[in-house]
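Asker: The sequence and its predicted three-dimensional model are supplied below.
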Amino acid sequence: EVQLVESGGGLVQPGGSLRLSCAASGFTFSNYAMNWVRQAPGKGLEWVSRINSGDGSTNYADSVKGRFTISRDNAKNTLYLQMNSLKPEDTAVYFCARKWGYGMDYWGKGTLVTVSS
């Protein structure tokens, strides 16, 4: 059974940092590109970042470019999102999701990040 479990969310002040983790199980993690997607309160889903399998190349939404860094540890079957210089508009539930074709087929339940003073 494929499982994705996010952790690391919490309350942080503007300008602060957090690192999110996503523990993967039930599939060969190293074979799949992985994504972070977020949903702000009352808004739709917003894709944040992707890291590819193989070469580990990365892509970011313009809204987080230069502030967030996605990474993976295939030995630990874990995906990360380092978030720096956080802004109130980064407040959201953050999901990790496995890439499949042009979409995403498995999602975690999410972890809440709140950026507020």
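Answerer: Noted; the coordinates are in hand.

Asker: separation between the residue nearest to the spatial centre of the chain and S117?
Answerer: The centroid of the chain falls nearest to W36 when counting by C-alpha atoms, centre = their mean (3.0 Å). According to C-beta to C-beta, to the nearest Å, W36 and S117 sit 24 Å apart. Where C-beta positions appear, they are placed from N, C-alpha and C, glycine not excepted.

Asker: Just to be sure, the residue nearest to the centre of the chain is in a strand?
Answerer: Yes - when DSSP: H, G, I helix; E, B strand; the rest coil is applied, W36 is found to be in a strand.

Asker: Surely it touches I70?
Answerer: Yes - here W36 reaches I70: they are 6.3 Å apart, a contact under C-beta atoms under 8 Å.

Asker: Pull the contacting residues for the closest residue to A33 other than its chain neighbours.
Answerer: Spatial nearest neighbour of A33, excluding adjacent residues (C-beta to C-beta, 6 or more residues apart in numbering): K99 at 3.9 Å. Listed by C-beta atoms under 8 Å, 6 or more residues apart in numbering, the contact partners of K99 are 32-35, 50.

Asker: out of those, who has the most neighbours?
Answerer: If you count neighbours using other C-beta atoms under 10 Å, the busiest of the contacts of K99 is M34, which has 24 neighbours.

Asker: From what I see, that one and C22 are in contact.
Answerer: Yes - at 7.3 Å, M34 counts as touching C22 under the criterion of C-beta under 8 Å.

Asker: shared neighbours of the two, which are they?
Answerer: Counting by C-beta under 8 Å, 6+ apart, the contacts common to M34 and C22 are 79, 96.

Asker: Distance check, G101 against A33.
Answerer: Plainly put, G101 is 11 Å away from A33 if you go by C-beta to C-beta.

Asker: And for P41?
Answerer: Using C-beta to C-beta, one gets 28 Å for the distance from P41 to A33.

Asker: Assess the claim that G9 and L18 are in contact.
Answerer: Yes - counting by C-beta under 8 Å, L18 is a contact partner of G9 at 7.1 Å.
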